[in-house]
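Novice: Here you go, sequence then predicted model.
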Amino acid sequence: MCGIAGLVGPGWSRRQLDAMVSTQAHRGPDASGTYISTTGIAGLGHNRLSIIDLSDAGRQPMKDASGRHWIVFNGEIYNYLELRAELESSWQFRTRTDTEVLLAAYVRWGEACLDRLIGMFAFIVWDDSEQRLFGARDRFGVKPLHMHRAPNGGLWVASEIKALHAAGVSREPDECAWAAYFTSGAYDHDTRTFWKGIRRLPPGGCFTWSPGQGLRERIWYDVSARTLGQGMDERDEETVGEELLALLDDSVKLRFRSDVPVGICLSGGLDSSLLLGLVHRLQGAGSAVKTFTFFCGDPNYDETPWVEQMLSATRHPACYCRLNVEEVPELSARVQGFQDEPFGGVPTLGMAKVHERARAEGVTVLLDGNGVDEGWGGYEYYQRARTVDAASGPVQGARDRSSRPDCLAAEFGAEAEKLAIPRPFSDPLRDLQYRDIRFLKIPRAMRFADRVSMMFSRELREPFLDHRIIELGLRQPEDRKTRGGVGKWLPRRVAQQILPDAVREAPKRPVQTPQREWLRGPLREWANGCIETALSRRGGAWLESTAVRKAWQDYCAGAGDNSFFIWQLISLALADRAGAS
């Protein structure tokens, strides 16, 4: 896991490249480096977090033997050993890194190498002979890549938005993005960021840039096209279950490839139970991988009893990471400084505590359970797929609307572009799954997870977001995902077959944190201060002050079960304060 930066075209300076690398130092504290091409038209920068081959040989930017191709890479290619074996006949390897395997794959197969990769990645390769830059992002956008098109035709790219600001892109809010956020709760759903002049390369996207042709982009992977091309799975349930288990085994095995310690993010639900069961299948009953669980001290949301029950007869050391309400104001400001855009509230703060503890425990890599709900029909509203608007973004476990467009100034609200989500499938359930995988839940969850893990220089891996598992889920008929009012039906059946006696699944719990209660209670004064900050800076132009204060008063009086629109206002204040600091 690392930070990457690149500047191509005329008019940029070494000072800008150095500023980008310095700004992303938290992403790779083990080493940093830069490369400037022979013509001076291209510059690459890298921050290294050493995971595979800890020697200096793994430093980047990395070149091929001829010096023609240079790469900077963020992420992991999990099947790098298999690819290396395939490439050894035509490449003299000098390191044990997956970075060199990726470079060799690109040199041999060009852009077609992407289809061979199992991993999470964002990388750019400069071809000094062709004077061409190529860049790509993984299938589900686990790793980030941001872009700025310079006025002189050049292109600037970086892992994080703040690096582009450090290079000189003005920090001006994109009103269309903010309006969409406040109107429908949509963010991370398209290429817009919350800042003008900066956009994200979409998941499964790639690009080329050259002085003559400028920037060209395309989507190299779309899960709907891939699964529609394969057709609906007509095999019997037992055969599919066997394939699912084999893929789960392989995915977890690949994600334990590391030269540094690996741990597990653990809650009390099915996904964590399944992950733990797969680890036991891989490592045996004596597995002593450290587990990390955050909690808030509120018994209504506390999953630690279930985790303790799961681990009681195992050898796994349990690291419990408590988020106290008193920490929220200061930690929110810190997390905002790393996220650059609005983040997911108190649950993201809880994950910050996990990664902070992992660093203290000397665990560099963590496995997480994201992806099962989206790939295999786990959310409650999937049971009502025929009545849910695929262009909306419901908040799981809440009845009230997530956003309050009535609190916006009319002209500002009109800036929001209508959320247009494709519906490529013939059934509403798969359309909802596709919406959540490609546009709503997974993109934002991956952004939160990447920034909060990198805040503490930790790497987060997602075994259940392996594209082979997601594609298999999308090819299944509805009753293998939701049956009898229960979601994730086939993964549940598989889990029951493999869970050790000590590992038991907890009941489904609606939310993880007492954000709603805290904002009404002990955090009321802080939240009120944030709201007033937002009104002082954006009242009139963006927000209707009277409507906002009335909605806040009603919320404090106990109205509604959804705190998302309050967190939106807090996010605006946090972003404005970060920009002013």
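Specialist: Looks like it arrived, so ask away. Keep in mind it's a predicted model, so treat the numbers as computed, not measured.

Novice: Below-threshold pLDDT in the stretch 301-450 of the chain: ranges please.
Specialist: Residue ranges of the stretch 301-450 of the chain with pLDDT under 70: 389-400.

Novice: all helices of it, in order?
Specialist: Ranges of helices in the stretch 301-450 of the chain, per DSSP state H, counting those that start in this stretch, are 304-311, 328-339, 346-360, 372-376, 410-413, 428-434, 441-454.

Novice: what distance separates the third one from the middle of the whole chain?
Specialist: Read that as helix 346-360. Relative to its chain's centre, helix 346-360 lies at 15 Å (Cα atoms, centre = their mean, to the nearest Å).

Novice: Quick one: list the elements packing against that helix.
Specialist: Applying 3 or more Cβ pairs under 8 Å, 6 or more residues apart in numbering; DSSP states H and E, one finds that helix 346-360 contacts strand 262-265, strand 291-295, strand 318-322, helix 328-339, strand 365-367, helix 441-454, helix 515-520. In this view, the C-beta of every residue, glycine as well, is placed from N, C-alpha and C.

Novice: Mind listing residues that contact the last one?
Specialist: The set of residues external to helix 515-520 that reach it, using Cβ atoms under 8 Å, 6 or more residues apart in numbering, is 298, 325, 328, 345-347, 527, 555-556, 558, 561-563, 566-567.

Novice: hmm, try it at 7 Å
Specialist: For helix 515-520, the external contacting residues (Cβ atoms under 7 Å, 6 or more residues apart in numbering) are 325, 328, 345, 346, 527, 555, 556, 561, 563, 566.

Novice: which among these end up buried?
Specialist: Among the contacts of helix 515-520, those buried by neighbour count (16 or more other Cβ atoms under 10 Å) are 325, 328, 345, 346, 527, 555, 563, 566.

Novice: for the fourth one, what are its contacts?
Specialist: Read that as residue 346. 328, 513, 515, 518.

Novice: Nearest to residue 120, out of the contacts of helix 515-520: which one, please.
Specialist: The nearest member of these to residue 120, counting by Cβ to Cβ, is residue 345 at 24.1 Å.

Novice: which ones are touching the closest one?
Specialist: With contact set as Cβ under 7 Å, 6+ apart, residue 345 has these partners: 515, 567.

Novice: rerun at 10 Å
Specialist: By Cβ atoms under 10 Å, 6 or more residues apart in numbering, the contact set of residue 345 is 328, 332, 448, 513, 515-516, 519, 563-564, 566-568, 570-571.

Novice: same question, residue 20
Specialist: 3-7, 34, 43, 45, 47, 156-160, 162-168.

Novice: same thing but at 7 Å, please
Specialist: For residue 20, the contact set (Cβ under 7 Å, 6+ apart) comprises 5, 45, 158, 163, 166, 167.

Novice: Kindly reformat those as TSV containing secondary structure, pLDDT and neighbour count.
Specialist: Below are the contacts of residue 20 laid out as TSV (DSSP: H, G, I helix; E, B strand; the rest coil; pLDDT from 0 to 100; neighbours: other Cβ atoms under 10 Å):
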residue	secondary structure	pLDDT	neighbour count
5	strand	98	31
45	strand	98	29
158	strand	98	30
163	helix	98	30
166	helix	98	19
167	helix	98	22
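
Novice: of all those residues, which two lie farthest apart?
Specialist: For the contacts of residue 20, the farthest-apart pair by Cβ to Cβ is 45 and 166; their separation is 11.0 Å.

Novice: Give me the angle between the helix or strand harbouring residue 271 and strand 291-295.
Specialist: Secondary structure from DSSP states H and E places residue 271 in helix 270-283. If you take axes from the mean of the first three to the mean of the last three Cα atoms, to 10 degrees, helix 270-283 sits at 170 degrees to strand 291-295.

Novice: returning to that earlier point: which among the buried ones among the contacts of helix 515-520 gets closest to residue 201?
Specialist: Residue 201 lies nearest to residue 345 out of these, by Cβ to Cβ, at 26.1 Å.

Novice: Find the nearest non-adjacent residue to the residue nearest the centre of the chain, please.
Specialist: Residue closest to the average C-alpha location in the chain (Cα atoms, centre = their mean): residue 446, at 1.0 Å. In this structure, residue 446 finds its nearest non-sequential neighbour in residue 142, 5.0 Å apart by Cβ to Cβ, 6 or more residues apart in numbering.

Novice: Which helix or which strand is home to that neighbour?
Specialist: Secondary structure from DSSP H and E places residue 142 outside every helix and strand.

Novice: Can I get the contacts of residue 345 in TSV including distance to residue 499?
Specialist: Shown next, in TSV, are the contacts of residue 345 (distance: Cβ to Cβ, whole Å):
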residue	distance to residue 499
328	35
332	37
448	28
513	26
515	31
516	32
519	37
563	34
564	34
566	39
567	35
568	39
570	39
571	39
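
Novice: Report the beta-bridge partners for the nearest residue to residue 56 once chain neighbours are set aside.
Specialist: Distance criterion Cβ to Cβ, 6+ apart; nearest residue to residue 56, sequence neighbours excluded, is residue 31 at 7.6 Å. Counting by DSSP bridges, residue 31 forms beta bridges with residue 48.

Novice: What separation do you get for residue 31 and residue 450?
Specialist: Separation of residue 31 from residue 450 (Cβ to Cβ, to the nearest Å): 20 Å.

Novice: Comparing these two, which residue is more hemmed in?
Specialist: More neighbours surround residue 450 than the other of residue 31 and residue 450, with 26 against 15 (other Cβ atoms under 10 Å).

Novice: I'd say the more buried one and residue 144 touch.
Specialist: Yes. Contact criterion Cβ atoms under 7 Å: residue 450 and residue 144 qualify, at 5.8 Å.

Novice: Report the distance from the worst-scoring helix or strand of the chain on mean pLDDT to the chain centre.
Specialist: The weakest-scoring helix or strand in the chain, judged by mean pLDDT, DSSP states H and E, is helix 304-311 (a mean of 88). Mean-position distance between helix 304-311 and its chain equals 27 Å (Cα atoms, centre = their mean).

Novice: what's the angle between that helix and strand 291-295?
Specialist: With the same axes, to 10 degrees defining the directions, helix 304-311 sits at 160 degrees from strand 291-295.

Novice: list the buried ones in the helix holding residue 271?
Specialist: Of all the residues in helix 270-283, those buried under the rule 16+ other Cβ under 10 Å are 270, 271, 272, 273, 274, 275, 276, 277, 278, 279, 280, 281.

Novice: Could you list every helix and strand that it packs against?
Specialist: Contacts defined by 3 or more Cβ pairs under 7 Å, 6 or more residues apart in numbering; DSSP states H and E place helix 270-283 against helix 237-254, strand 262-265, helix 489-498.
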